[in-house]
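Have a look; sequence and predicted model below, questions after that.
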Amino acid sequence: MIKSINAWAFPPGSRLTDIARAVRAAGFGALEVTLEASGELAVTTDEYSCRRLADDIRATGLQIASLGCGLFWESHYTSPDPKVRQKARDLTIAGLDRARWIGTDALLVVPGAVTHWSDPTGRIIGYAEAMDLAFEALRALAPEAEKRGVVIAIENVWNSFLLSPLEMRDLIDRVGSPFVQVYFDTGNVLKFGFPQDWIDILGRRIRRVHLKDFKTPVGNITGFCKLGEGSADWPAIMAALKRAGYDGPLTYEGPGDLSDKDTDWTAYLADVSRRIDRILTAI
């Protein structure tokens with residue numbers, strides 16, 4: 001497995017090449033870059049700029065683990081508004097193109113939302129309708145993903161949707177494409193269940209993994225914590241990933257000690273790296 005970290009772990013506006021150099025120096029093997037509404041790597045960034053950025057990152061010795069995207073929280077497949085649903089599909093195409101241009105084969109997608117993580121009591125749409133709309137969108141987008149050789153990897157998030165690994169498994173199987181698979185987040189699921197159960201049920205459908213920890217007794221967003229300080233049973237998780245045959249990037253995505261003013265990331269990265277090393281040797 002490859003030790004990786006997400007670009008969101010750094011202050012907003014940080015240059016990806018600066019991040020890449022620091023990440024590589026700390027002993028990581030990969031970086032998950034992120035697609036934003038504007039900036040260095042955006043939905044409008046052209047092919048030449050994407051390829052040049054990817055070359056610069058790889059010149060540091062890193063692989064590009066995947067392309068993350070948080071924009072699906074605002075434009076998602078399960079919106080009651082058909083214009084928003086179309087915007088989500090257009091966003092997916094833009095993400096698939098840019099994933100291909102930067103040379104990665106996985107795009108992180110939030111597959112829909114019954115509620116938004118920031119307002120868990122605000123119902124956006126009914127659960128059954130959300131399931132139908134997500135299936136319809138993913139089935140329609142699967143050929144676009146296949147054409148580009150990039151997997152749409154749907155993540156388990158705090159969206160009051162796909163709350164069971166059985167539901168996620170069945171949705172993936174119903175779509176029936178190797179280009180619509182799972183981006184599994186270890187910390188996000190701790191509020192609802194056990195990561196090792198999800199991994200055993202999803203199995204080889206898992207194409208990417210986010211490493212995150214969470215203090216289950218806290219039960220809200222402040223429960224996310226440093227790796228090894230939460231409720232995750234890392235030996236059980238790693239054993240389950242081994243059973244699933246997963247051998248891809250393990251990408252840290254979680255809270256850190258960096259502020260927007262921090263320019264020296266050495267100690268922070270060394271700490272995250274050591275924590276992942278302990279997880280990698282958990283079995």
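It's in. Residues are numbered from 1 along each chain as shown.

Tell me the pLDDT of residue 10.
On pLDDT, residue 10 comes in at 93.

ok, now residue 192?
Note on residue 192: pLDDT of 89.

One more: residue 121?
The model's pLDDT for residue 121 equals 88.

Likewise for residue 235?
If you check residue 235, the pLDDT there is 97.

so how many other residues sit close to it?
Using other C-beta atoms under 10 Å, residue 235 has 13 other residues around it. The way it works is simple: take the backbone N, C-alpha and C, and place the C-beta from them, glycine included.

I figured it was touching residue 279, is that so?
No. Counting by C-beta atoms under 8 Å, residue 235 sits too far from residue 279 to count as a contact (9.0 Å).

Any stretches of the stretch 51-200 of the chain with poor pLDDT?
Counting by pLDDT under 70, the stretch 51-200 of the chain contains no low-confidence segment.

where do the strands sit along the stretch 101-250 of the chain?
106-109, 151-155, 180-185, 206-211, 213-214, 224-225, 249-252 (DSSP state E, counting those that start in this stretch).

Mind listing the strands the fifth one pairs with, and their directions?
Strand pairing for strand 213-214, using DSSP bridges, gives strand 224-225 (antiparallel).

got the contact list for the strand it pairs with?
Here strand 224-225 makes contact (C-beta atoms under 8 Å, 6 or more residues apart in numbering) with 187, 212, 213, 214, 215, 230, 254, 255.

what's the closest non-adjacent residue to residue 272?
residue 252 (5.5 Å; C-beta to C-beta, 6 or more residues apart in numbering).

quick one, what contacts residue 196?
Going by C-beta under 8 Å, 6+ apart, residue 196 touches 233, 236, 237, 239, 240.

Just the ones in helices from these, please.
236, 237, 239, 240 (DSSP state H).

In a markdown table: the residues you listed, plus neighbour count.
As requested, the ones in helices among the contacts of residue 196 are exported to a markdown table (neighbours: other C-beta atoms under 10 Å):
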| residue | neighbour count |
| --- | --- |
| 236 | 17 |
| 237 | 22 |
| 239 | 16 |
| 240 | 23 |
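
which pair in these spans the largest distance?
237 and 239 (7.3 Å; C-beta to C-beta).

Bridged to the residue nearest to residue 272, which residues?
Counting by DSSP bridges, the residues bridging with residue 252 are residue 5, residue 211.

That one is in contact with residue 6, isn't it?
Yes. Counting by C-beta under 8 Å, residue 252 does reach residue 6; the two are 6.5 Å apart.

ok, now which ones touch the spatially most central residue of the chain?
Nearest residue to the geometric centre of the chain (C-alpha atoms, centre = their mean): residue 108, 4.9 Å. By C-beta under 8 Å, 6+ apart, the contact set of residue 108 is 32, 66, 67, 68, 69, 153, 155, 183, 208.

Restricting to C-alpha, output the helix or strand where the fourth one lies in CSV.
Same thing as residue 68. Taking DSSP states H and E as the criterion, residue 68 maps to strand 63-69. Taking C-alpha atoms only, strand 63-69 is exported to CSV below (Å, rounded to 0.1, in the frame of the first residue of the first chain):
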residue,chain,number,x,y,z
GLN,A,63,2.4,9.4,-7.6
ILE,A,64,-0.9,11.2,-8.0
ALA,A,65,-3.2,9.0,-5.9
SER,A,66,-6.5,10.4,-7.1
LEU,A,67,-8.5,13.6,-7.7
GLY,A,68,-10.7,14.7,-4.8
CYS,A,69,-13.6,17.0,-5.3
